[in-house]
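>>> fold the stuff below for me.
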Amino acid sequence: MFLVPLSVSPHSNTIQTSKLTLYETRARFFMVGSGADEESFRIIKIDRSLDSSGALAVTDDKIVYSRQEMMDLLKMIESGNVSTGGLRRVASCFGIVGFIKFLEGYYMILITKRSAVALIGGHYVYHIDDTLLLGITGQSEQFEQRSNDGMAQIQLIILTEARYIQSFCQVDLTKNFYFSYTYDITNTLQRNMTTASLRPNKIFIWNHFLLKNGFPSFGDTPPTSSDENPWCLPIIYGFVDQAKIPVFGHDIYLTLIARRSRYFAGARFLKRGVNNEGFVANEVETEQIVHDANTTLFDAAVARALRGGVGCNGANLGITSFVQHRGSIPLYWSQDISQLTPKPPIELNCVDPYHTATSLHFSNMFERYGTPLIVLNLIKFKEKTPREGILLPEFRDSIAYLNTHLPDHMKMRYVEWDMARANKSDDPQEVVEMLEAIAEEVFCETNHSTNKEPLRILGRLQTGITRTNCIDCLDRTNAAQFMLGKSALAHQLHSLGILPSASPQNVPFDSDACNLLNSMYQDHGDTIALQYGGSHLVNTMETYRKIGHWTSHSRDMIESIRRYYSNSFTDAEKQDAINLFLGNFIPPPPGNGTGPMIWDLPSDYYLHHDPDPLPKAKKRSYKKWWIDPEAALPDHQNNTSVSANGTELEPYTTGNTIPTMIQDLFPVKADPEETFSAYYHPGTLTSFDRLYPSNMNRGGGGGSGGGNGIGPGYEFEGTILDLSPFAVRNNIATPFENTANELDKDADVHGYPEGGLLIYGIREDGVLLWLKGGAVSEPTTTNDDSSQTPKDEKEKSKERKQDHQQPLPWWTTSALSMRLLDPHVSAGEMKEYKR
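Take a look at the predicted model:
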C-alpha cells in the first residue's frame, strides 16, 4: 500500500524483498530474498517435481533470518545435498514476475535488470529492463510414459512447446512494464492515501495469472502484517514518466502514470467495444501527480506531525493527483479485417434494448471512481460514407436510457463533439479553445485530490472522473486528455501555492511547463498507441494546433503505413501472446482429443466472453443497474477500508474534504529513523550522478529567488529574460493560419523567414536561438549602428537574400538534402492543401 515501510521493523516478521538470489540442488530451487537494509532475509523452496494434482509446489518459510542465520541455513542445505551435487548459485535478480506452464513443465520469470523511472514520496518506481525465463520442473511422468509410443510424438511435443515459448515471449517484458516494492502503483494516489488496508487492484496487475500459478492465495485477502507475501510483485503495463519543473530554485515533480487494464486486452482491430462482463477494449487509467520536491519521505513526515500533534499541513505533504480514463465505446461492435483495408467498415453486432453490457461498464466506473461521471465522446458525426457515425445513435440512446433510472445526483453527463470536423476549419484555435473550455468545465465538476491548499485548508478528494473516447481512443483522445491535464496542472500548482490562481492562463501554451507536459503526454500517447495500434500517434497536439503541419506530414504518412501493416499482419500473433500471458488461454495437455492449440483457434471470442448465454449469477435489475459508490465497496477489489482505530471508512466521502484525523490517513508502520536509513543509506559512499533525482528529466526555467512563477526578470546583453517556467515562448514554426503570401513574403530560398529557422525563444524581449543566425530584436542603443535608416536595412536584407539564393543543380546531393530537410511549399500548394 501507499505507506509501506522501506525496511523491516525490529518486531515484525515481514520484509519486502528487493534483492533476490536463486540457488538450486538436484531436487529443488531455493530463493533467498533480502530487504532494503540487507540485514534481514527470507527464503522460499520451489520443488522441481509437481505435486499429486500436477501443480507447482512453492513453500514459503515465513521466518525472518539474520545474515549469519541465513548463511548457516545455506551451509546446512549444501551439506545435505553433497551426494547429489551440492548447492549451486544460479542467478541474482530483483523480483519474481511469476510462473507459467505450457505443455510439460513450469517456467519461472525473473527480473534481472531494472531502472528507476519515478520517485513518489521516497518510494521508487522501476522499469523492467531485462528478464530471465528459467525452466523449473523436468519431464513429467506422462512424458516418460509417452516416450514408449514413439519418437514422432515426442518430437511434436517438443516443437509445440518451443512454439508456445516463442509466442509467450512476444509480450516483451522489457518494454513498458513497471513495478514498485513499497508503493502500490496499481491503485491511485488517492486510494493509497485514504485507505489503511488496501489490496492491489486486480484490473491492472498484468502478472496476476503468473503469480497465481506459484502463490494461489495471492490477492484473495487484504494484506496484513501476518499474511502479506513479500514475494508477490504486482506489475502494471502502460506508461510511467517523471520530470521536474524548477520554479526559481524550487523543484516541483510532475509524474504521469498510465495503467492498462488486463481485461479484454488486445490489439486494435481484434478488440473493439465491450464484452458481456462490462470490460471495454483499450481501457487505460491515467493519473497525473504533482508534488513538491520537499515531500520526500511520507512516513517520516507523518511521524513528525503525529509527535507534534499537527495536521496534514504540519507534515508538509504537498502532493496532488488527478485521474482520468479512456476506453472503447461500450457497445457490441467490431471490424472485419479480412479484406486488408486501412479502415475496415464498422459493424454493430448486437443491439440490446436494456443495454446490459453498457450498464455493467458504467456501474463498474461508479464503483471505482464515484460521481459525477462525465462521458466525452469525440467520434465523427457527419461522413460521406457512414462509418464512425453508425455507433453514435446507439451510444447516445444507451446513455439516455441509463440516465432515466439514475437519481439526479448520479446522472451521467454526456458531451459529444466532432473533433475531426473541427480540425478541418480555417481557424487554427477552434480545436484548442473548445477543448480548453470543455476541460475547465468538467474539471470543476470532478476536482482533484490534494492534501495541501494555499489557504491551509486540510485538503480535498477527487470525486468522479472524465471518460474520454474516440473510435480508437488514441489520437483525438490523447489530445483531449492533454487539455484536461493542462487544466488540472494549473489547479494542482495553485493547490501547492506555486500559482496565484487556478486559471489555465497561468500555464499558457509555449511555456516551459506546458511544453514539458505536452511532451510527456505525447510520449504517453505514443506508448499507448504502440501497444494497442502498432504505431505512434498519427495526429499529435501540434497537428490540432496547426503548428509545423508540413514538416509532420511525412511522419504522419509513415505512422499510418506502420499502423496498417501492424494491424493487417502482426496483430494476430500479438493477440495470441497476450492471451497466453494473461491466462485467457491455457494450453491443453498433449494428447488426442484434448483441444486445439491457440494458433488453431478461428477466433478468441469465447476467451473474452462468457459462452453461457444464461449466467448462473443473480439476475440484475434493469432499473437499478448501478451500485451506489457511497453504499458499497468495489466488487473487483473486495477491499475492507479500515482506519487505524479499526473503524470502517467509506470508499468515497460525500464531501470533498479529507478526514481530519491524520492517524486514519497515514498509519506509521516503521520507525522514522529506520525509514530514513533505508532510503538515504547514510553509511554508503555515493555521488549525485548516481542518484535518480539528480538525473531526472528537467523542464525549462529556473533561476534563483522566490515567487509564484512570475518572478523578476534577468538582464542579459540588453535583453530582459523571464526565467519563469510559465513565461510564454515563441512558437517553433509560424502558425498555419498565415496565408501563403505571408509565408513567402520574407522567406529565404528554403521558405524560412529572414534570419533563419526559429528553434526556441521568448516573446516580449526574450532570448531567441536561431539555426542560421539572425537578430532577435533591435534594442535601443547609442552606437553608430542604431542610426541606420530603414532603406539601409532593406538593402542589407536584399544582399543576404542574394547570398542565400545561389542556385544549386537539382540533381546534386546537397540540393536533395536541402529539399528534404528544408521543404519549400509554394503558394499554390498551400491553397490546394487548405482547400
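
>>> which parts of the stretch 401-550 of the chain are strands?
Ranges of strands in the stretch 401-550 of the chain, per DSSP state E, counting those that start in this stretch, are 413-416, 449-450, 465-469.

>>> pairing partners for the first one, with directions?
Strand 413-416 has these partner strands in its sheet, going by DSSP bridges: strand 373-377 (parallel).

>>> for the strand it pairs with, output the C-alpha coordinates as PDB.
In PDB, the C-alpha atoms belonging to strand 373-377 read as follows (Å, rounded to 0.1, in the frame of the first residue of the first chain):
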ATOM      1  CA  LEU A 373     -19.300  10.500 -14.400                       C
ATOM      2  CA  ILE A 374     -18.600  12.700 -17.500                       C
ATOM      3  CA  VAL A 375     -18.600  10.900 -20.900                       C
ATOM      4  CA  LEU A 376     -16.700  12.800 -23.600                       C
ATOM      5  CA  ASN A 377     -17.400  11.300 -27.000                       C
END
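
>>> pull out the buried residues from the longest strand belonging to the chain.
Identified as the longest strand of the chain according to DSSP state E is strand 106-120. By 16 or more other Cβ atoms under 10 Å, the buried positions in strand 106-120 come out as 106-111, 114, 116-120. C-beta: built from backbone N, CA, C; applies to glycine.

>>> doesn't residue 68 belong to a helix?
Yes: applying DSSP: H, G, I helix; E, B strand; the rest coil, one finds residue 68 inside a helix.

>>> which residues does residue 279 contact?
Counting by Cβ atoms under 8 Å, 6 or more residues apart in numbering, residue 279 touches 261, 263-264, 361, 364.

>>> please tell me how far it sits from residue 602.
Computed as Cβ to Cβ, to the nearest Å, the residue 279 to residue 602 distance reads 22 Å.

>>> got it, and residue 291?
Residue 291 is 50 Å from residue 602, by Cβ to Cβ.

>>> out of these two, which sits in the busier spot?
Under the criterion of other Cβ atoms under 10 Å, the comparison of residue 291 against residue 602 puts residue 291 first, with 24 against 6.

>>> phi and psi next, for the more buried one.
phi -140, psi 160 (degrees, to the nearest 10).

>>> same question, residue 349
phi -70, psi -30.

>>> so it touches residue 336, yeah?
No: applying Cβ atoms under 8 Å as the test, residue 349 and residue 336 come out as separate, 10.8 Å apart.

>>> now do the helix or strand hosting residue 134 and strand 106-120, the angle between them.
Residue 134 is part of strand 123-135 when elements are defined by DSSP states H and E. Counting by axes from the mean of the first three to the mean of the last three Cα atoms, to 10 degrees, strand 123-135 lies at 170 degrees to strand 106-120.

>>> helices or strands up against strand 123-135?
strand 88-93, strand 106-120, strand 177-179 (3 or more Cβ pairs under 8 Å, 6 or more residues apart in numbering; DSSP states H and E).

>>> output the ones you listed in JSON lines, with distance to residue 215 and mean pLDDT appended to each entry.
Below are those laid out as JSON lines (distance: least, Cβ to Cβ, whole Å; pLDDT from 0 to 100):
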{"stretch": "strand 88-93", "distance to residue 215": "17", "mean pLDDT": "94"}
{"stretch": "strand 106-120", "distance to residue 215": "12", "mean pLDDT": "94"}
{"stretch": "strand 177-179", "distance to residue 215": "16", "mean pLDDT": "97"}
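
>>> which among those is found nearest to residue 503?
Between residue 503 and the helices and strands packed on strand 123-135, the tightest spacing by Cβ to Cβ is seen for strand 106-120, at 27.2 Å.

>>> each with direction, which strands does the closest one pair with?
By DSSP bridges, strand 106-120 pairs with strand 95-101 (antiparallel), strand 123-135 (antiparallel).

>>> same question for the longest one: list its buried residues.
The neighbour-count check on strand 123-135 (16+ other Cβ under 10 Å) flags 123-128, 131-132, 134 as buried.

>>> swap in stretch 30-48?
Across stretch 30-48, burial judged by 16+ other Cβ under 10 Å covers 30-36, 40-46, 48.

>>> between the residues you listed, which is nearest residue 430?
residue 36 (52.8 Å).

>>> looking at the strands of the stretch 401-550 of the chain, which is buried most?
Comparing these by mean neighbour count (mean count of other Cβ atoms under 10 Å), strand 449-450 comes out on top with a mean of 28.

>>> state the mean pLDDT of that one.
Throughout strand 449-450, pLDDT has a mean value of 64.

>>> nearest to residue 589, of the buried residues of strand 106-120?
Nearest to residue 589 among those, with distances taken as Cβ to Cβ, is residue 106, at 13.6 Å.

>>> ok, the closest one - contacts?
Counting by Cβ under 8 Å, 6+ apart, residue 106 has contacts 50, 56, 99-100, 135-137, 213.

>>> one more time with 6 Å
Contacts for residue 106 were tallied using Cβ atoms under 6 Å, 6 or more residues apart in numbering; they are 56, 99, 136-137.

>>> is it bridged to anything, and to what?
residue 101.

>>> re earlier: what's the most distant pair in the contacts of residue 106?
99 and 137 (9.9 Å).

>>> average pLDDT for stretch 366-382?
92.

>>> name the nearest residue to residue 161, sequence neighbours excluded.
Among residues not flanking residue 161 along the chain, residue 103 sits closest, at 5.0 Å (Cβ to Cβ, 6 or more residues apart in numbering).

>>> next: residue 403.
Leaving aside its sequence neighbours, residue 403 sits nearest to residue 411 (Cβ to Cβ, 6+ apart; 4.9 Å).

>>> do the same with residue 417
The nearest residue in space to residue 417 (Cβ to Cβ, 6+ apart) is residue 378, at 6.1 Å.

>>> what about that neighbour, neighbour count?
Counted by other Cβ under 10 Å, the residues lying close to residue 378 total 24.

>>> residues near the nearest residue to residue 206 once chain neighbours are set aside, how many?
Closest residue to residue 206 apart from its sequence neighbours, by Cβ to Cβ, 6+ apart: residue 237 at 4.5 Å. The number of residues packed near residue 237 is 25, by other Cβ under 10 Å.

>>> quick check, residue 584 in contact with residue 606.
No: contact criterion Cβ atoms under 6 Å: residue 584 and residue 606 do not qualify, at 9.9 Å.

>>> who has more neighbours out of these two?
residue 584 (21 against 10).

>>> contacts only, for the more buried one.
Here residue 584 is in contact with residue 607 (criterion: Cβ under 6 Å, 6+ apart).

>>> check which helix or strand it maps to.
Applying DSSP H and E, one finds residue 584 in no helix or strand.

>>> then the one 4 residues further on?
Using DSSP H and E, residue 588 sits within no helix or strand.

>>> I'd like the strands of the stretch 401-550 of the chain as CSV, with distance to residue 530 appended.
As requested, the strands of the stretch 401-550 of the chain are arranged in CSV below (distance: least, Cβ to Cβ, whole Å):
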stretch, distance to residue 530
strand 413-416, 28
strand 449-450, 29
strand 465-469, 19
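
>>> where among those strands is the average confidence lowest?
Averaging pLDDT over each of these puts strand 449-450 lowest, since it has a mean of 64.

>>> and stretch 290-300, what's its mean pLDDT?
Here the average pLDDT along stretch 290-300 is 74.

>>> repeat that for stretch 341-354.
pLDDT averaged over stretch 341-354 gives 88.

>>> likewise for stretch 267-283?
Mean predicted confidence for stretch 267-283 is 93.

>>> buried ones in it?
Under the neighbour-count criterion of 16+ other Cβ under 10 Å, stretch 267-283 has 267-276, 278-283 buried.

>>> correct me if wrong: residue 130 contacts residue 112.
Yes: applying Cβ under 6 Å as the test, residue 130 and residue 112 come out as touching, 4.9 Å apart.

>>> helices of the stretch 251-400 of the chain, start to end?
298-308, 356-369, 391-405 (DSSP state H, counting those that start in this stretch).

>>> just name the most buried of the ones you listed.
Using mean count of other Cβ under 10 Å, helix 356-369 ranks as the most buried of the helices of the stretch 251-400 of the chain, with a mean of 22.

>>> which other residues reach that helix?
274, 276, 278, 280, 330, 373, 398, 402, 465, 625-627, 629, 634.
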